[in-house]
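Trainee: A structural model of the following input is requested.
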Amino acid sequence: MTTTVDERHMPQPDAGTTRLRVVLLLDALDGRQQNFLAAYEQIRHQVASVPGHLSDQLCQSLGNSSQWLITSEWENSERFLEWVESAEHRKMVEPLHGCVRDTTSLRARRSSSSTFAA
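Mentor: Here you go, the predicted model:
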């Protein structure tokens, strides 16, 4: 599942602005995978309307079906941090609390030279 803002409506970053990529690794609780997927589906639509959010994607591990990876891209770290530190964020992700046992969050600035075509 991927949510992407239509590029025609995507704000152009300032010269000093660098996009942020967030990677969330998580482990769904045994027997709670469908609850996790339902919670993610609900949350991804809400996050899509958060200022600064550009896209997100959900991937499942090939080696362990309880392990999931969520990536999201943001206009910049300021927009992401403003949201992730808010009460709105805490309330929005509450449905995940009963579905996952462990999470790890990684945040990285996207290099302007990281885009290439095959």
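Trainee: Kindly provide the distance from Leu96 to Gln42.
Mentor: Using Cβ to Cβ, to the nearest Å, one obtains 10 Å as the distance from Leu96 to Gln42. Just so you know, the C-beta spots here come from the backbone N, C-alpha and C atoms, and that holds for glycine as well.
Trainee: Comparing the two, which shows the higher neighbour count?
Mentor: Remark: of Leu96 and Gln42, Leu96 carries more neighbours, 20 against 13, as counted by other Cβ atoms under 10 Å.
Trainee: Enumerate every residue touching the more buried one.
Mentor: Leu96 makes contacts with 26, 36, 39-40, 43, as judged by Cβ atoms under 8 Å, 6 or more residues apart in numbering.
Trainee: Secondary structure, distance to Ala108 and neighbour count added to these, as JSON lines?
Mentor: Formatted as JSON lines, the contacts of Leu96 follow (DSSP: H, G, I helix; E, B strand; the rest coil; distance: Cβ to Cβ, whole Å; neighbours: other Cβ atoms under 10 Å):
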{"residue": "Leu26", "secondary structure": "strand", "distance to Ala108": "18", "neighbour count": "19"}
{"residue": "Phe36", "secondary structure": "helix", "distance to Ala108": "24", "neighbour count": "21"}
{"residue": "Ala39", "secondary structure": "helix", "distance to Ala108": "25", "neighbour count": "20"}
{"residue": "Tyr40", "secondary structure": "helix", "distance to Ala108": "21", "neighbour count": "21"}
{"residue": "Ile43", "secondary structure": "helix", "distance to Ala108": "21", "neighbour count": "17"}
